[in-house]
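[1] kindly generate the corresponding structure for this input.
(chains A and B)
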Amino acid sequence: KAGVTQTPRYLIKTRGQQVTLSCSPISGHRSVSWYQQTPGQGLQFLFEYFSETQRNKGNFPGRFSGRQFSNSRSEMNVSTLELGDSALYLCASSLVSDRGFYEQYFGPGTRLTVT
Amino acid sequence: GNSVTQMEGPVTLSEEAFLTINCTYTATGYPSLFWYVQYPGEGLQLLLKATKADDKGSNKGFEATYRKETTSFHLEKGSVQVSDSAVYFCALSDPGNNAGNMLTFGGGTRLMVKP
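    Down below sits the predicted model:
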């Protein structure tokens, strides 16, 4: 079974631009979560999507948004990029959970550099 | 809110040494606890998990016991190998707190094993 895939793997953008990152979950997984990893702040939860609806959101400004499509693929968008948005963005997919926790499988991440 | 604290690294050991990485947590509900490992240039891999008090998670020689009385989930391995060199993250999920699949991570501990 193919793992979680993220595209692109590396991205360089200029301050003020916007960027869209893509995540394809493992087949059959309907929950997709996004995390930001930086040396200073560590791993921080951005948001989770399930059945095309945002179910949870972390403490990030409105410049960070996401969506999920009917095939469970997800995208996240960052508008008006700032230097501090430089990070590794990780996507994770899991089976459905209304309660309880199902193991999350992480993709390799997208390394975003803002100059 | 929920939080995870783990010992800062780097932890440098010789091959075949005993490993302990401390992890303590704060949670409002009854969390599940996890250890994830991140190898250079890769995403996160689930190493082991425990879903209730006194559970012991184990995998690839690593072990951790869910201690509710001390709110701890320390990672141990009896004999480390060079190939264990990576960054280790302790994490919790508290779905009963309406947090869905959200993971709260500790800051990570870098392990370096010398031959």
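[2] count the residues that sit near B:L75.
    25 (other C-beta atoms under 10 Å in any protein chain shown). Just so you know, the C-beta spots here come from the backbone N, C-alpha and C atoms, and that holds for glycine as well.
[3] same question for B:L44.
    Neighbours around B:L44, by other C-beta under 10 Å: 26.
[4] please list all residues in contact with it.
    A:90, A:92, A:106, B:36-38, B:89 (C-beta atoms under 8 Å, 6 or more residues apart in numbering or on different chains).
[5] I'd like to know how many residues surround residue 109.
    Unless you meant another one, I'm taking chain A. A:G109, neighbours per other C-beta under 10 Å, totals 25.
[6] nope, chain B please
    20.
[7] phi, psi for it please.
    phi -130, psi 120 (degrees, to the nearest 10).
[8] which bits of chain A sit near chain B?
    Residues of chain A lying close to chain B (C-beta under 8 Å from any C-beta of the partner chain) are A:4, A:31, A:33, A:35, A:42-45, A:48, A:50, A:55-56, A:58, A:90, A:92, A:94, A:97, A:99-109.
[9] hmm, try it at 7 Å
    Counting by C-beta under 7 Å from any C-beta of the partner chain, the residues of chain A lying close to chain B are A:31, A:33, A:42-43, A:45, A:48, A:55-56, A:90, A:94, A:97, A:99-101, A:103-104, A:106-109.
[10] strands paired with the helix or strand of chain A with the lowest mean pLDDT, and their directions?
    Counting by mean pLDDT, DSSP states H and E, chain A has its least confident helix or strand at strand A:53-57, which shows a mean of 90. Strand A:53-57 pairs in its sheet with strand A:42-50 (antiparallel), by DSSP bridges.
[11] now the partner strand: buried residues?
    If you call a residue buried by 16 or more other C-beta atoms under 10 Å in any protein chain shown, then strand A:42-50 has these buried ones: A:43-50.
[12] weed out the non-buried ones from the residues of chain A next to chain B.
    Counted by 16+ other C-beta under 10 Å, the residues of chain A next to chain B give A:31, A:33, A:43, A:45, A:48, A:55-56, A:90, A:94, A:97, A:101, A:104, A:106-109 as buried.
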